[in-house]
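# this one's structure only:
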């Protein structure tokens, strides 16, 4: 009977994973079309230099989102574990505790940022005078305000993830992007280029989408509805402890290596170069989007399988993930051969992207995907200690290399430094995955 139950759980998990991948694939296709269409519309609306400023602002916003000290990722693992065991009361406590802690962090950050937001010379910070200082300040204030609000609200999506409904989390993100596209298109018809209105279109819509999603979610699952009474200091310490590990990873490998790329490029090469890089990145990011369709639902599926002791399913699924990564690299080679034609069809003569920038971006994206492949397994199994150490070490090497060769080689040097960083991390994490799925992990490799 136990074997039949385990087999039924495996089949159910695989079926749910396949449904999530299929639904997520449809949503990602919509998101892909949206992301491609919105770029030339926004560039035409703002011009390439101001668009580069907007891309740099998004990098700053990305930095802010990482200061949840990893509580969201810590919560999604513990919430998944609780729901896999059928303990909805514990799950509600995890959720309530996390949302309350995140609200306190957001309010604290908002208070701490008041003085810098009104004292910084943003024209110097963004290395541009294409936008007035007053408009830049207002745009940043609006962006930061709604980003801090979304700091808390985005965790609504993690509830769907914990319920093994990953595609619904995608639906929320894609809905926000589609609405932003519609608003920006309407802006091109009724207003002249305004960075402030673009920032509003991007940041406000996401908050509205998550607020609206919370209504049917908690109507259907009232047992998970957050409550101040469910705040648990003991669980808070547990979530913070695990979250800090994810935070270190976010602040190093994600924030500095990925999130600071636009800032490093704008400082070394100017805002227009940010636009050049982002055109190449958005094209080759199609590989990330396509691969994430397959990969993303696996994180919490790995957690569910690990809680139920189904290592055979984990091994088989991980091998399939690696095979799909190999196919994505081949797809990237085809994209490289077609990239110049695509750029001309996409943005015309507005932006010129050298082939060297495209090649470096492809290499970076391939190693970024590989690192995601292996860390999703590690994160799902809650074995992130090695990931913390390697992220800190590689980030230090990345900063040194950017300052050593990034400025000399321009965009290519900075992007290659990013690629090398993810290549090193991928190698170490792949070895840990080999130990974990083979039940050979000991010491720090099993923490």
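Alright, I've got the coordinates. Keep in mind the model is a prediction, meaning the values are calculated, not measured. Numbers count the residues shown, from 1 in each chain.
# Averaged pLDDT, the host helix or strand of residue 281. What do you get?
Element membership for residue 281, per DSSP states H and E: helix 271-295. Confidence over helix 271-295 (mean pLDDT, whole number) is 84.
# check contacts around residue 203.
With contacts defined as C-beta atoms under 8 Å, 6 or more residues apart in numbering, the neighbours of residue 203 are 61, 142, 143, 145, 146, 147, 150. Every residue, glycine included, has its C-beta placed from N, CA and C.
# If we use 7 Å, what do you get?
Residues in contact with residue 203 (C-beta atoms under 7 Å, 6 or more residues apart in numbering) are 142, 143, 146, 147.
# Could you name the specific helix or strand carrying the first one?
Same thing as residue 142. Using DSSP H and E, residue 142 maps to helix 133-153.
# Can you mark which positions in that helix are buried?
Counting neighbours by 16 or more other C-beta atoms under 10 Å, one finds that the buried residues in helix 133-153 are 136-153.
# With stretch 381-391 instead?
Within stretch 381-391, the residues that qualify as buried are 381, 382, 383, 384, 385, 386, 387, 388, 390, 391, counting by 16+ other C-beta under 10 Å.
# nearest to residue 54, of the residues you listed?
Sorting the buried residues of stretch 381-391 by how near they are to residue 54, with C-beta to C-beta, puts residue 391 at the top with 28.1 Å.
# looking at it, that closest one is touching residue 249, isn't it?
Yes - if you go by C-beta atoms under 7 Å, residue 391 and residue 249 touch, sitting 4.8 Å apart.
# Remind me what the helix holding residue 142 packs against, helices and strands.
Helices and strands touching helix 133-153, as assessed by 3 or more C-beta pairs under 7 Å, 6 or more residues apart in numbering; DSSP states H and E, comprise helix 48-65, helix 88-119, helix 122-125, helix 195-220.
# after that helix comes which helix or strand?
From helix 133-153 onward toward the C-terminus, using DSSP H and E, the following helix or strand is helix 155-162.
# Quick one: mean pLDDT for that next one?
In the prediction, helix 155-162 has an average pLDDT of 84.
# Need the contact partners of it.
With C-beta under 7 Å, 6+ apart as the contact definition, helix 155-162 has outside contacts at 72, 75-76, 79-80, 83, 95, 98-99, 102, 166, 168-169, 172, 210, 213-214, 217, 224, 300.
# Residue 265 versus residue 105, what's the distance?
Here the criterion is C-beta to C-beta, to the nearest Å. By it, residue 105 lies 29 Å from residue 265.
# The two: which is more packed in?
The residue with more neighbours, out of residue 105 and residue 265 and counting by other C-beta atoms under 10 Å, is residue 265; that gives 29 against 17.
# contacting residues for residue 289?
28, 32.
# can you rerun that using 8 Å?
Taking C-beta under 8 Å, 6+ apart as the criterion, residue 289 is in contact with 28, 31, 32.
# Now do stretch 301-311, average pLDDT.
The predicted model assigns stretch 301-311 a mean pLDDT of 82.
# Assess the claim that residue 96 and residue 224 are in contact.
No - under the contact definition of C-beta atoms under 8 Å, residue 96 does not touch residue 224, with a separation of 9.0 Å.
# residues shared between the contacts of the two?
When C-beta under 8 Å, 6+ apart defines a contact, no residue borders residue 96 and residue 224 alike.
# Not counting sequence-adjacent ones, nearest residue to residue 95?
In space, and not counting its chain neighbours, residue 95 is closest to residue 226: 5.6 Å by C-beta to C-beta, 6 or more residues apart in numbering.
# Tell me how far that neighbour lies from residue 176.
To residue 176, residue 226 is 21 Å away according to C-beta to C-beta.
# In JSON lines, list the helices and strands packed on helix 133-153 along with distance to residue 159 and mean pLDDT.
Below are those laid out as JSON lines (distance: least, C-beta to C-beta, whole Å; pLDDT from 0 to 100):
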{"stretch": "helix 48-65", "distance to residue 159": "18", "mean pLDDT": "77"}
{"stretch": "helix 88-119", "distance to residue 159": "7", "mean pLDDT": "89"}
{"stretch": "helix 122-125", "distance to residue 159": "36", "mean pLDDT": "81"}
{"stretch": "helix 195-220", "distance to residue 159": "6", "mean pLDDT": "89"}
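# Switch these over to CSV; also include distance to residue 442.
Compiled in CSV, the helices and strands packed on helix 133-153 are given as follows (distance: least, C-beta to C-beta, whole Å):
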stretch, distance to residue 442
helix 48-65, 35
helix 88-119, 29
helix 122-125, 48
helix 195-220, 41
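# Tell me which of the ones you listed lies nearest to residue 245.
Distances from residue 245 to each of these were compared using C-beta to C-beta; the shortest belongs to helix 88-119, at 15.1 Å.
# Which neighbouring elements make contact with the closest one?
The elements that helix 88-119 packs onto, with contact taken as 3 or more C-beta pairs under 8 Å, 6 or more residues apart in numbering; DSSP states H and E, are helix 71-84, helix 133-153, helix 155-162, helix 233-249.
# closest to residue 366 out of those helices?
By C-beta to C-beta (comparing all of these), the closest turns out to be helix 233-249, at 20.2 Å.
# Report the buried residues of the helix or strand containing residue 373.
Here residue 373, judged by DSSP H and E, is contained in helix 355-380. For helix 355-380, the buried set under the neighbour-count rule, 16+ other C-beta under 10 Å, comprises 357-380.
# Strands - which of the contacts of residue 289 land there?
Of the positions in these, not one sits in strands, assigned by DSSP state E.
# of all these, which comes closest to residue 312?
Of all those, the one sitting nearest residue 312 is residue 28; the distance, using C-beta to C-beta, is 28.8 Å.
# neighbours around that closest one, how many?
Taking other C-beta under 10 Å as the criterion, the count of residues near residue 28 is 22.
# same check, this time on residue 196
Using other C-beta under 10 Å, the number of residues around residue 196 comes to 18.
# pretty sure it is in contact with residue 139, am I right?
Yes - distance between residue 196 and residue 139: 4.9 Å, which falls inside the contact criterion (C-beta under 8 Å).
# joint contacts of those two?
With contacts defined as C-beta under 8 Å, 6+ apart, no residue is shared by residue 196 and residue 139.
# Tell me the spacing between residue 42 and residue 180.
Using C-beta to C-beta, we find residue 42 at a distance of 9 Å from residue 180.
# got it, and residue 342?
Separation of residue 342 from residue 180 (C-beta to C-beta) stands at 23 Å.
# Looking at those two, which is more packed in?
Neighbour comparison, residue 342 and residue 180: the larger count goes to residue 180, with 22 against 16 (by other C-beta under 10 Å).
# Was I right to think the more buried one contacts residue 202?
Yes - with contact defined as C-beta under 8 Å, residue 180 counts as touching residue 202 (5.1 Å).
# could you redo the contacts of residue 289 as JSON lines and give each row distance to residue 321 and pLDDT?
Conversion of the contacts of residue 289 to JSON lines gives the following (distance: C-beta to C-beta, whole Å; pLDDT from 0 to 100):
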{"residue": "28", "distance to residue 321": "16", "pLDDT": "72"}
{"residue": "31", "distance to residue 321": "21", "pLDDT": "77"}
{"residue": "32", "distance to residue 321": "21", "pLDDT": "74"}
